[in-house]
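K.L.:
Give me coordinates for this.
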Amino acid sequence: MVNVHRRRFLIGAGALAATPMSRAQKSAKVWRIGFLALRSRSTAQRPDDHYDAFVAGMRDLGYVEGKNLVIEWRFAEGQYERLAGLANELVQKKVEVIVSQGTPGTRAVQRATSTIPIVFPAMNDPVGSGVVASLSRPGGNTTGLTDINVDLSPKQFELLKTIHPKLLRTALFIHPGNRAHPAVLNNVQKAALEVDVQVIPVSASTPEEIERGFASMMENRAEAVMIPADGFYIGQAKRIAELAIKHRVPTIFTDRGNVKAGGLMSYGQNLSELYRRAAIYVDKVLKGARPSDLPVEGPTTLHLTINLKTAKALGVTIPRELLLRADEVIE
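P.N.:
Numbers count the residues shown, from 1 in each chain. Got it, this is the predicted structure:
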């Protein structure tokens, strides 16, 4: 049974709102957009609702696949090195907009085109990574929505410490191709230093490296593991959760979908909401808006999700006060 409560806060200029006037007009026009993603639309490891949320958002605005919308999907299957070639494929298809997942994918599309509009559904620090000039006026051909996972990492560590008060060592997965992860590591190390907890970085960019990473962290007596936001890790969420249960270490992720896949906890924005809102950006661009004039916006909700079934498997007792704070409890 799932109980859901929502806490809301405002970031930036405010959420874009869809109105009846923004809906796609009935016409013979068939719109063609590209979608570049690091992971596949749905995998055995993790049924994906993010892309489905984007498609649903487009449908709400009047764009229906098979009728007036064609989406050219391109998936890198967790391999960062494939993004450049797939971005070029979409440019050659002469799509009208390209939706790009994350910083690596967006940078690959930017290198492939300076004219086709680009919309990113969720990206950490788009200004710092050089993707846009500013949040209020992105400039160029790129805009979208930003997440705040780097800023949230100390809070995620704090939540992990709450369920394991005697924690001495925690592992932190790091994807070498993710430019945000060094900042996550730095933030977590600062927070851990204040309470005398050692942080053990674990580099992993393939399923085999995840397996070896768990073996390594257990050799180093890690008592918990943090998994930062990353397209590849999302695709591997079920396997990561299985390994964590096998080694009896609690986990914290950034997205609730990872907890539905078997992780213990997550704290962060609802990515499905961001993907649905990305459809509003695409709609505006298709109707003539310039990406340079569409402000980059952030999440409107944060979610704390806890999986009690996983807690039982791990032999972990979740404090009552934490359960009361949770937005979603999976039993």
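
K.L.:
Quick check: residue 317 touching residue 311?
P.N.:
Yes: between residue 317 and residue 311 there is a contact under C-beta atoms under 8 Å: 7.3 Å. Every C-beta, even on glycine, is put in place using the N, C-alpha and C of the backbone.

K.L.:
which of the two has more neighbours?
P.N.:
Neighbours around residue 317 and residue 311, counted as other C-beta atoms under 10 Å, are more numerous at residue 311. The numbers are 19 against 9.

K.L.:
Please name the residues that touch the more buried one.
P.N.:
Residue 311 sits next to 250, 264, 317, 318 when contact means C-beta atoms under 8 Å, 6 or more residues apart in numbering.

K.L.:
can you map out the strands along the stretch 1-150 of the chain?
P.N.:
Using DSSP state E, counting those that start in this stretch, the strands of the stretch 1-150 of the chain run over 2-4, 7-8, 31-37, 69-75, 97-100, 118-124, 142-147.

K.L.:
do you know which of these lies nearest residue 198?
P.N.:
Using C-beta to C-beta as the criterion, the shortest distance between residue 198 and the strands of the stretch 1-150 of the chain is 25.0 Å, found for strand 118-124.

K.L.:
What's the mean pLDDT across the closest one?
P.N.:
The average of the pLDDT scores along strand 118-124 is 92.

K.L.:
Go ahead and measure how far it is from the middle of the chain.
P.N.:
Here the centre of strand 118-124 is set off from its chain's centre by 10 Å, with C-alpha atoms, centre = their mean, to the nearest Å.

K.L.:
Stretch 158-166 too?
P.N.:
Averaged over its C-alpha atoms, stretch 158-166 has a centre that lies 24 Å from its chain's centre (C-alpha atoms, centre = their mean).

K.L.:
give me the element residue 152 is part of.
P.N.:
Using DSSP states H and E, the secondary-structure element containing residue 152 is helix 149-163.

K.L.:
tell me which element residue 214 falls in.
P.N.:
helix 207-219.

K.L.:
And the next helix or strand after that helix, what does it pack against?
P.N.:
Counting by DSSP H and E, the element after helix 207-219 in chain order, helix or strand, is strand 225-226. Under the contact criterion of 3 or more C-beta pairs under 8 Å, 6 or more residues apart in numbering; DSSP states H and E, the helices and strands touching strand 225-226 comprise helix 149-163, strand 169-174, strand 251-253.

K.L.:
where does the stretch 51-200 of the chain dip in pLDDT?
P.N.:
Across the stretch 51-200 of the chain, no stretch falls below the confidence threshold (pLDDT under 70).

K.L.:
Quick one: the helices and strands packed on strand 225-226 as TSV, columns for mean neighbour count too.
P.N.:
Rendered in TSV, the data for these read as follows (neighbours: other C-beta atoms under 10 Å):
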stretch	mean neighbour count
helix 149-163	20
strand 169-174	23
strand 251-253	27
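
K.L.:
Now residue 142: closest residue in space that isn't a chain neighbour?
P.N.:
Beyond its immediate neighbours in the sequence, the residue positioned closest to residue 142 (C-beta to C-beta, 6 or more residues apart in numbering) is residue 118, lying 4.3 Å away.
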